[in-house]
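S.K.: Provided below for reference: sequence and predicted model.
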Amino acid sequence: MTQATADEDTAPVAQRVRRELPTLEILAITLVAAGLLRPRLAGLFDDPAVQTWATIFVSISIQALPFLVLGVVISGLIAAFVSPEWFARALPSRTSLAVPVAGFAGVVLPGCECGSVPIAGRLVSRGVPPAAAFAFLLSAPAINPVVLVATAVAFPGRPDVVFARFLAALITSVVVGWLWARLGKEAWITRRSHPVDPAATRWSTFRASARHDFLHAGGYLVVGGITAATLNVVIPESVLDSLAGSGVVAVLTLSLLAVMLAICSEADAFVAASLSNFSLTARLAFLTVGPMVDVKLIALQAGTFGRSFALRFAPVTFVVAVLTSVAVGSWLLD
Amino acid sequence: MSRETQNAITILVGVAALRLGLTDAHLRYVKASLGPWLVVAGVLLVVLGVLGLVDRAPKPTDGHGEDHDPFDGHEHHGPSIAWLLTLPVLAIFLVAPAPLGSFAASRNTTRLEAPKAQFPDLPAEVRGAVPLTLREFNLRTFFDDEKSLEGKTVRLVGFATPHGADETFLTRFILSCCAADGRPIKVALKNLPGARPPADQWLEIEGTWVEPDTDQQGEALIGRAAELVVTSVRPVSAPSQTYE
């Protein structure tokens, strides 16, 4: 299934026309078969490792769902009610200025990272310069008030940590936006959001966009959830403590941990607070990288903008986020 | 994927969210505060799917795949990646994975930040023992200069995590958001009477505090567990909220 989707990235248009599969019947048969095989299916999950894997997989999927729904509702509203001309007027016409404006606009989207990907996809399809949309995509999950308050609660008496997080996320998103404006190629974006039909009513446009974005981003979210749950169960935590400390190794360890754990940005500050055998700079890197690059987000970004985009965007963002965290952390924290 | 199938999957996910959000089942996977949001998300998805099924008139934009050339004239399929959304739905209805238990607890280190404020007074005794969470018992054991637990009998509830040849930890998990960020809190049970309890058995334990041999330095408790000399042990059924 995933293979078929991946192939569409490169397949010529003519080859894409597929035979109509009786998908509704397939779905019904799958559900009935799964119901009948339930005792045997449940038996597969008797092993405690598999059971823990399933618990973490379900919890990542479920935790992300309300945020994903919020994201696709906003994306649908943009598709139905906000014209490309409005964005052209609202954003500075020079991309170099539009990027910081869009990055700062991330303050208004409450929630965590799953919601911002479909919104950024919709912004690009509504004529927002990709560089600006990406700055928004990166900043929104880290600098909105809900996440900053959660960070303040997790680090009581340390407003400098909250400020450092805000600053590092904003700088990273703007730098990555500028890098894209300078070096990025439109051709790397091999996928676009579902086009808006100018003849359809606004209400039906909203519904069609929201449903499509939900099914699409949701499918990729499941890929991310499977990956994160597997890493969570496979990697022994004892590895972590042997790498604790304050040097470069500690920063890289927590940055990579953020990528692998795919923790929601509203909860990551609590995890960071508990990693107290690591330096504050290393923990800042964890808080900066996590909402921007993780296995769940890479899957979502690959689904929304295409694989060749994600393969370039995620590593560049990772490097910029780590360097920014080290700079901001050594200035403000350690 | 046909339009009907897209709507059917949207409804299925919505129903799964409602099923979790409207019952205690979501407490296995996420913080209680997320429950109402699961209901909201579930209602929106069900409405979206039902309207899509009821509205039979073909819309030119409906059913287009994202990666579609808008001119390829193929009306009726959506993103095939959406099939994967059936996996969490099937897991929720058919497997209903258990809350994090002794397997996860034995693989993860205890990590507790030191409290920033003074400890409040201990709660009043109930039936001859002070009821405490495992978190508070650990924090007071290692960080309370007043030694408020000295000479007290406390009552703790958690599940058994066997450790090594004959040790048993009483364990609970703390969630910040969902089970993916769960961290175990452990209490080492000393002089446990009777047979060793099986892994994941829920227990209500009463016992007396043991002063740790070494002081806890720094701002956090990492990889250590408070000790309790057990005076009574009673198997109980798992609470509906298994996390602290």
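M.R.: Received, thanks.
S.K.: which stretches of the chain aren't confidently modelled?
M.R.: This is for chain A. Across chain A, the stretches falling below the confidence threshold (pLDDT under 70) are A:1-20, A:111, A:193-194.
S.K.: You answered for a different chain; I wanted chain B.
M.R.: B:56-78, B:215-218.
S.K.: how does it look with 80?
M.R.: In the predicted model, chain B carries pLDDT under 80 at residues B:1, B:55-79, B:109, B:113, B:115-117, B:213-223.
S.K.: all helices for it, in order.
M.R.: Under the criterion DSSP state H, helices of chain B are mapped to B:3-22, B:35-54, B:86-90, B:102-107, B:134-143.
S.K.: Any chance of a markdown table for those, columns mean neighbour count?
M.R.: Backbone N, C-alpha and C define where each C-beta goes, glycine included. Listed next are the helices of chain B as a markdown table, based on neighbours: other C-beta atoms under 10 Å in any protein chain shown:
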| stretch | mean neighbour count |
| --- | --- |
| helix B:3-22 | 23 |
| helix B:35-54 | 19 |
| helix B:86-90 | 20 |
| helix B:102-107 | 21 |
| helix B:134-143 | 21 |
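S.K.: Tabulate those (JSON lines), appending distance to residue A:41.
M.R.: Below are the helices of chain B laid out as JSON lines (distance: least, C-beta to C-beta, whole Å):
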{"stretch": "helix B:3-22", "distance to residue A:41": "16"}
{"stretch": "helix B:35-54", "distance to residue A:41": "24"}
{"stretch": "helix B:86-90", "distance to residue A:41": "8"}
{"stretch": "helix B:102-107", "distance to residue A:41": "20"}
{"stretch": "helix B:134-143", "distance to residue A:41": "34"}
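S.K.: Turn those helices into JSON lines, columns for distance to chain A.
M.R.: What follows is those, written out as JSON lines (distance: least, C-beta to the nearest C-beta, whole Å):
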{"stretch": "helix B:3-22", "distance to chain A": "4"}
{"stretch": "helix B:35-54", "distance to chain A": "4"}
{"stretch": "helix B:86-90", "distance to chain A": "4"}
{"stretch": "helix B:102-107", "distance to chain A": "3"}
{"stretch": "helix B:134-143", "distance to chain A": "12"}
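S.K.: Residue B:156 is nearest to which of those?
M.R.: helix B:134-143 (5.9 Å; C-beta to C-beta).
S.K.: Tell me which of the helices of chain B sits nearest to residue B:208.
M.R.: Closest among the helices of chain B, using C-beta to C-beta: helix B:134-143, at 11.7 Å.
S.K.: where along chain B do the strands fall?
M.R.: Remark: strands assigned in chain B by DSSP state E are B:111-113, B:130-131, B:153-163, B:167-174, B:183-190, B:202-209, B:220-222, B:226-235.
S.K.: and the angle from the last one to strand B:183-190?
M.R.: In this case it means strand B:226-235. Counting by axes from the mean of the first three to the mean of the last three C-alpha atoms, to 10 degrees, strand B:226-235 lies at 80 degrees to strand B:183-190.
S.K.: Give the buried residues for strand B:226-235.
M.R.: For strand B:226-235, the neighbour count (16 or more other C-beta atoms under 10 Å in any protein chain shown) marks B:226, B:227, B:228, B:230, B:233 as buried.
S.K.: go on, the fourth one?
M.R.: Residues of strand B:167-174 classed as buried under the neighbour-count rule (16+ other C-beta under 10 Å) are B:168, B:169, B:170, B:171, B:172, B:173, B:174.
S.K.: residues contacting residue B:31?
M.R.: Residue B:31 is in contact with B:175, B:176, B:177, B:178, counting by C-beta atoms under 8 Å, 6 or more residues apart in numbering or on different chains.
S.K.: May I have stretch A:214-233 exported as PDB, CA atoms only?
M.R.: The C-alpha trace of stretch A:214-233 is given here as PDB (Å, rounded to 0.1, in the frame of the first residue of the first chain):
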ATOM      1  CA  PHE A 214      -7.500  14.300   7.300                       C
ATOM      2  CA  LEU A 215      -7.300  11.000   5.500                       C
ATOM      3  CA  HIS A 216      -4.000  11.900   3.900                       C
ATOM      4  CA  ALA A 217      -2.200  13.400   6.900                       C
ATOM      5  CA  GLY A 218      -3.800  10.700   9.200                       C
ATOM      6  CA  GLY A 219      -2.400   7.900   7.100                       C
ATOM      7  CA  TYR A 220       1.100   9.300   7.400                       C
ATOM      8  CA  LEU A 221       0.600  10.000  11.100                       C
ATOM      9  CA  VAL A 222       0.000   6.200  11.500                       C
ATOM     10  CA  VAL A 223       3.400   5.600   9.700                       C
ATOM     11  CA  GLY A 224       5.000   7.900  12.200                       C
ATOM     12  CA  GLY A 225       3.200   6.300  15.100                       C
ATOM     13  CA  ILE A 226       4.400   2.800  14.100                       C
ATOM     14  CA  THR A 227       8.000   4.100  13.700                       C
ATOM     15  CA  ALA A 228       8.000   6.000  17.000                       C
ATOM     16  CA  ALA A 229       6.500   3.100  18.900                       C
ATOM     17  CA  THR A 230       9.000   0.600  17.500                       C
ATOM     18  CA  LEU A 231      12.000   2.900  18.400                       C
ATOM     19  CA  ASN A 232      10.500   3.400  21.900                       C
ATOM     20  CA  VAL A 233      10.300  -0.400  22.500                       C
END
